[in-house]
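S.K.: With the input below, show me the fold.
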Amino acid sequence: MFKKTLALAGLLLCASTAAQAEWYLRGTHNNWQADQMQNLGSNTVLADDVVFASAGEIKFDRWGDWSENYGANGQQGGNNIPVPAGTWDIKFYTDTHDYHILPAEDPVTPGLSLHLRGTHNGWAAGDLMTRVGETDEYEACRNFASGDGNGGPRFKIDPSGSWAGSQFPAQDVAAGGWTHVVANGANSSVVSVTTGLGENCGAVEPDSDNDGVPDSQDDCPNTPAGTSVDASGCEVVQPETSDFRNRSMYFVFVDRFANGDTGNDNGNNAAATSSSKSAGGLSEWKKYWGGDIQGLIDKLDYLQALGVTAIWVTPLNDNIDASGSDGAYHGYWGRDFYEVDEHLGDWALVDQLDAAMEARGMKLVLDIALNHSNQDDQYEFGALYKEGVFLTDVNQDNGTWYHHNGAIADCGDSNPSTTCGGEWDDPWAFRNKTLFNLTDFNHGVGGNSTADQYLIDAALKWMSHGVDAFRIDAIKHIEPSFINRFSAAVRAQNPDVYIFGEWYGAGAGDSLSMQFLNEDRGSELLDFRLRNHIEQAIAGDITMTQLNTHIESRAGAMNGRESWQPIFLDNHDATRTSVFLQTTGPVDNGRTGKGFSKSLADARQNLGMALVMTLPGIPTIYYGTEQNSTWFTANGDGQVGHDPYNREGMPSFSQTTPAFTMISALANLRAQSPALASGSYQERWINQDILVFERISGSDVVMVAVNRGGSTSINVSNLALADGQYTSLVGGDSVNVSGGSAVLNLSANEVIVLH
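M.R.: Modelled structure (predicted):
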């Protein structure tokens, strides 16, 4: 009896010991195995003489089973902590979750290992400065090529590598190009910086034409300022095939466009497909209606007649099935980025679409949601697959695939009535927190994360089936360095890939979006600001003079790339312009409709589309705009004609409407006019109701006049058009140009286009 009691007590003692935390170091150095750390007391554990043959990563694991682990910045489940090649003593503080990574040969004291953290390395730890002899000084030479979303090139010095509060100086230090940094490990107030040095901080070679190529390597030493050059200093000329600017793009909501195969309507969840479609209530508008790839193929002749040379399709990848009676008809609840959604077709049908489009000289633009998969709070909870094989979901993920930082503007609490609106303008929040309830991919900063590689490889698969370009959904909410890596990866497969993204509110006057655009991330941006100004002008809310001021501001804001940005009037996230112009009820963004008659609204919308088709930028036509499509039902928020009522079924495929014939004429003009594709913009005559401008490229000239007012005649001078008799491509007016002047007889709401 006594022996049995002792045995039981011993068993209980062993169980108690096993339940206490034993801290383990895992990383690339040990193939992520669990190596127990030494307990030094005072809430400190140590792994000494840890050898990294090459740069790698680590994490701290409390129990040795990944159930509680700590990564970068001491965050539970955080990103892996980078460690450079070398031999290190690694300390972890179990109470604060801070850590020190120190050279093994140095005394294990903070301050003798200084981490240089800045825009050159995504603010990561592990970039250690070099000690200068036996002094207290440390130095580093680094190339600061660019800034980040919060400012220009800059850095701080972090003694611990954990942002534990000892970093210095208090304010970020500005850098630029190759920069030499000297810091004092014993006196944090002593930091000296020399910027703008030559490669590896050598002497700066002369660059006479300021093109970024030293004279000794410059084969074209007199290139004009602002010219894009190659490594030899000679102008880069884009091949003709890569230039999307001659194209007119058509954005088709595949599920709502044309049903070519009723056999795939129900997919894997019949409850998510509507039988009543537009005749039903709000819930029916949130279901699949049957549009598919076959339907798009069937209507390619219609789109060719419209002058369309690029088709942007909503995401075609597989979306969630377990969505109750809701349908992922829009394509933005993805779960398998490597498969075609069963409601739309299969890979063979994608190949047929590609072949049919290629035969018509069209390019296929795929909408891809690189920011998120599906909802994190319902349905399939962020479930992710690859070619049908389950990978993870939000509940099983440990931070490898997804962020777990809560939603943007939720304040991090459980009270739904509190919001933090400033987070929509805070780059860390809008890139690292969830957009509404859509499970947010964890993108790498210094290199591709697991999710990044998954998404890149998926895009490459779609390209192998004919995709020529990508529209990146919610690009504002994605780590910018991933956009660089994504664009580089797809262009390595096809250098001519055109890429643009949706940054809601982007355009001249929006500083964050313009900073992103001018950082050469490899992606253009949909110009929301221009869209808003065009709509305000045709509605009479601003003058044509104000519109022209905004148009002229785009070149400077976009560093001369305004002609590469997609421009538009209608899209799936805004009340259709024709609805806004006709309704008297509330629409999106707190606005009230104008109450125009249908005839006036159609004329003004057509005027707006004439601007979209002729201003600098790549014109984008939302399906149905060529039919002046409208739907006047109010959604659950009381907004007339807004989501989902701006996603109605295609009302008609008529090729005789005024909108269709105008868009067709201008699309065909763009296809063969260098002036419309890439020429300069020159205002020629303006008042509050009339705007006359020319687009000029060499000897190719297009003149455009738009009049939102009553009938009038104006005399326009200083025209670049050659003297002669012209017939307008829209409306058929005859205009004589003599000595660079012309009299334009403008009817109310008329457009004149001369070429």
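S.K.: What's the per-residue pLDDT of the residue nearest the centre of the chain here?
M.R.: Central residue of the chain (Cα atoms, centre = their mean): residue 475, 1.9 Å from the mean position. pLDDT for residue 475: 98.
S.K.: secondary structure class for residue 536?
M.R.: In three-state terms, and counting by DSSP: H, G, I helix; E, B strand; the rest coil, residue 536 is helix.
S.K.: Who are the contact partners of it?
M.R.: Shown in contact with residue 536 (Cβ atoms under 8 Å, 6 or more residues apart in numbering): 542, 547. Where you see a C-beta, it was placed from the backbone N, CA and C, and this is true even at glycine.
S.K.: rewinding a little: residues contacting the residue nearest to the centre of the chain?
M.R.: Neighbour list for residue 475: 370-371, 483, 501-503, 516, 523, 525 [criterion: Cβ under 8 Å, 6+ apart].
S.K.: Repeat the analysis, applying 6 Å as the threshold.
M.R.: Applying Cβ atoms under 6 Å, 6 or more residues apart in numbering to residue 475 gives the contacts 501-503.
S.K.: how about the CA coordinates for stretch 147-166, as PDB?
M.R.: Listed in PDB are the C-alpha atoms of stretch 147-166, where the atom choice follows Å, rounded to 0.1, in the frame of the first residue of the first chain:
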ATOM      1  CA  GLY A 147      10.700  54.900 -49.100                       C
ATOM      2  CA  ASP A 148       7.500  53.100 -47.900                       C
ATOM      3  CA  GLY A 149       3.900  53.900 -47.500                       C
ATOM      4  CA  ASN A 150       4.700  56.300 -44.600                       C
ATOM      5  CA  GLY A 151       7.400  58.400 -46.100                       C
ATOM      6  CA  GLY A 152      10.800  58.500 -47.900                       C
ATOM      7  CA  PRO A 153      14.000  56.400 -47.300                       C
ATOM      8  CA  ARG A 154      14.800  56.300 -43.600                       C
ATOM      9  CA  PHE A 155      15.900  54.200 -40.700                       C
ATOM     10  CA  LYS A 156      16.300  53.700 -36.900                       C
ATOM     11  CA  ILE A 157      18.800  51.800 -34.800                       C
ATOM     12  CA  ASP A 158      17.500  49.000 -32.600                       C
ATOM     13  CA  PRO A 159      20.000  47.600 -30.000                       C
ATOM     14  CA  SER A 160      17.800  44.600 -29.100                       C
ATOM     15  CA  GLY A 161      16.300  43.700 -32.500                       C
ATOM     16  CA  SER A 162      12.900  43.500 -30.800                       C
ATOM     17  CA  TRP A 163      11.600  47.200 -30.800                       C
ATOM     18  CA  ALA A 164      11.800  46.900 -27.000                       C
ATOM     19  CA  GLY A 165      11.900  50.700 -26.500                       C
ATOM     20  CA  SER A 166      15.600  51.200 -26.700                       C
END
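S.K.: Contacts for it, please.
M.R.: Counting by Cβ under 6 Å, 6+ apart, residues outside stretch 147-166 touching it are 73, 98-101, 110-111, 114-119, 125, 144, 167-168, 172-176, 183, 427.
S.K.: ok, 7 Å please
M.R.: By Cβ atoms under 7 Å, 6 or more residues apart in numbering, the surrounding residues in contact with stretch 147-166 are 73-74, 98-101, 110-111, 113-119, 125-126, 144, 146, 167-168, 172-176, 183, 191, 427, 480, 512, 515.
S.K.: buried residues in it?
M.R.: Going by neighbour count (16 or more other Cβ atoms under 10 Å), the buried part of stretch 147-166 is 147-149, 153-164.
S.K.: Check stretch 76-94 too.
M.R.: Buried positions in stretch 76-94, judged by neighbour count with 16+ other Cβ under 10 Å: 77-83, 86, 88-94.
S.K.: Which ones among those map onto strands?
M.R.: 81-83, 86, 88-93 (DSSP state E).
S.K.: got any ranges where the stretch 151-300 of the chain has weak pLDDT?
M.R.: 219, 223-232, 234-242 (pLDDT under 70).
S.K.: And for the chain?
M.R.: In the chain (pLDDT under 70), the answer is 1-21, 105-112, 219, 223-232, 234-242.
S.K.: okay, now the domains of it?
M.R.: The record's domain split for the chain, according to automatic domain parsing, is 22-107, 244-376+469-674, 680-754.
S.K.: Quick check: end-to-end length of the second one?
M.R.: Across its full length, domain 244-376+469-674 reaches 12 Å end to end, with Cα to Cα, to the nearest Å as the criterion.
S.K.: Adjust the sequence numbering to begin at 28 for everything that follows.
M.R.: Happy to do that; since the first residue is 28 now, the last one works out to domain 271-403+496-701.
S.K.: How far away from the center of its chain is that domain?
M.R.: Taking Cα atoms, centre = their mean, to the nearest Å, one finds domain 271-403+496-701 lying 15 Å from the centre of the chain it belongs to.
S.K.: And the first one, by the same measure?
M.R.: The offset between the C-alpha centroid of domain 49-134 and the centroid of the whole chain comes to 35 Å, using Cα atoms, centre = their mean.
S.K.: residues contacting the residue nearest to residue 60 when sequence neighbours are not counted?
M.R.: Closest residue in space to residue 60, ignoring its immediate chain neighbours: residue 53 at 6.6 Å, by Cβ to Cβ, 6 or more residues apart in numbering. By Cβ under 7 Å, 6+ apart, the contact list for residue 53 reads 59-61, 85-86, 88.
S.K.: Assumed residue 53 was part of a strand.
M.R.: Yes: assessed by three-state DSSP, residue 53 belongs to a strand.
S.K.: Distance of it relative to residue 424?
M.R.: Distance, residue 53 to residue 424, by Cβ to Cβ, to the nearest Å: 17 Å.
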